[in-house]
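Student: With the input below, show me the fold.
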Amino acid sequence: MNPIAYAARVVARIQPAASLAATPRSEPRRPSSLRVGALSGCTTVQQQKFVAKSAISVVDGGDAFVGVKQNTRPIIVIDNYDSFTYNLCQYLGEVGANFEVYRNDEITVEEIKKISPRGILISPGPGISLQTVTELGPSIPLFGVFMGLQCIGEAFGGKVVRSPYGVVHGKGSLVHYDEKLDGTLFSGLPNPFQAGRYHSLVIEKDSFPHDGLIMAARHRKYRHIQGVQFHPESIITTEGRLMVKNFIKIIEGYEALNGIP
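Tutor: Purely as a prediction, here's the structure:
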């Protein structure tokens, strides 16, 4: 398989953004396991058989976006023991999604299949099995965040490497994307938009643009598999809530295309 089996076009030039003014809302502290070089979320978990379970939260309703339909089948959020996970859950609740949260070491892929979720959101943090992406991704819409994107890349033949531009932690960058592509996480977003970055690793490209890195990707065949390198749930990211809404729209489009009630 081509090492770049996903559409790098979906994203990619990044430029430094102006510093944000001080805000009373602080960012969750990053766990020490996400230090430079930590790749347990993608390369060292191939033997891991689990993907999530204990802490469960179901939200239905909330201040939903107009046009987001309700569905009793849940979206599963895989909690990789990362403090940002529940910021993503808050966004799901705000857009009116029904979801369940599972820790990454207490449920098997087979158990997820029995739940028959509408979609899967892989949260930041280490610990998600590549088995989840390879077995469930082709038939279930999947949104990978941070290491979730890196796992998608590796699952489909890509390689995760250290960023040639070094470590970033809490940096705001401008992300540019291809507006000609439809059905993406960025539909309706400004171009460029500001994103909050906390990473030292990226998906490798054959050649890097002069001033850019891969900040998101979509599978060429399974277009419902998408992910972002940055943190949509960060206070630095200006349009994260809309990205989560777009993931719901991607799920609805997949269901309509495949006759799934």
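
Student: Which strands or helices does the helix of greatest length in the chain pack on?
Tutor: Taking DSSP state H as the criterion, the chain has its longest helix at helix 240-257. Here helix 240-257 touches helix 85-94, strand 119-122, strand 225-228, going by 3 or more C-beta pairs under 8 Å, 6 or more residues apart in numbering; DSSP states H and E. The C-beta positions use only the backbone N, C-alpha and C, and glycine is treated the same way.

Student: Redo those as a markdown table? Include mean neighbour count.
Tutor: Formatted as a markdown table, the helices and strands packed on helix 240-257 follow (neighbours: other C-beta atoms under 10 Å):
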| stretch | mean neighbour count |
| --- | --- |
| helix 85-94 | 21 |
| strand 119-122 | 28 |
| strand 225-228 | 27 |
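
Student: can you put those in a markdown table and add mean pLDDT?
Tutor: As requested, these are exported to a markdown table (pLDDT from 0 to 100):
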| stretch | mean pLDDT |
| --- | --- |
| helix 85-94 | 93 |
| strand 119-122 | 95 |
| strand 225-228 | 94 |
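
Student: Nearest to residue 74, out of those?
Tutor: strand 119-122 (8.9 Å; C-beta to C-beta).

Student: Tell me which other helices or strands that closest one touches.
Tutor: With contacts defined as 3+ C-beta pairs under 8 Å, 6+ apart, strand 119-122 has these neighbours: strand 75-79, helix 130-136, strand 142-145, helix 147-155, helix 240-257.

Student: In the sheet, which strands lie alongside the first one, parallel or antiparallel?
Tutor: Sheet pairing here is set by DSSP bridges, and for strand 75-79 it gives strand 99-103 (parallel), strand 119-122 (parallel).

Student: The longest helix of the chain: which residues count as buried?
Tutor: Neighbour counts using 16 or more other C-beta atoms under 10 Å place 240-252, 254-255 of helix 240-257 among the buried residues.

Student: which residues sit against it?
Tutor: Applying C-beta atoms under 8 Å, 6 or more residues apart in numbering, the contact partners of helix 240-257 are 65, 68-69, 75, 88, 91-92, 94-95, 97, 118-119, 121, 141, 143, 183-189, 224, 226, 228, 231-234, 260-261.

Student: I'd like the mean pLDDT over that helix, please.
Tutor: The pLDDT scores in helix 240-257 average 96.

Student: still on that earlier bit, now the buried members of the contacts of helix 240-257.
Tutor: Buried among the contacts of helix 240-257 (16+ other C-beta under 10 Å): 65, 75, 88, 91-92, 94-95, 97, 118-119, 121, 141, 143, 184-187, 189, 224, 226, 228, 231-234.
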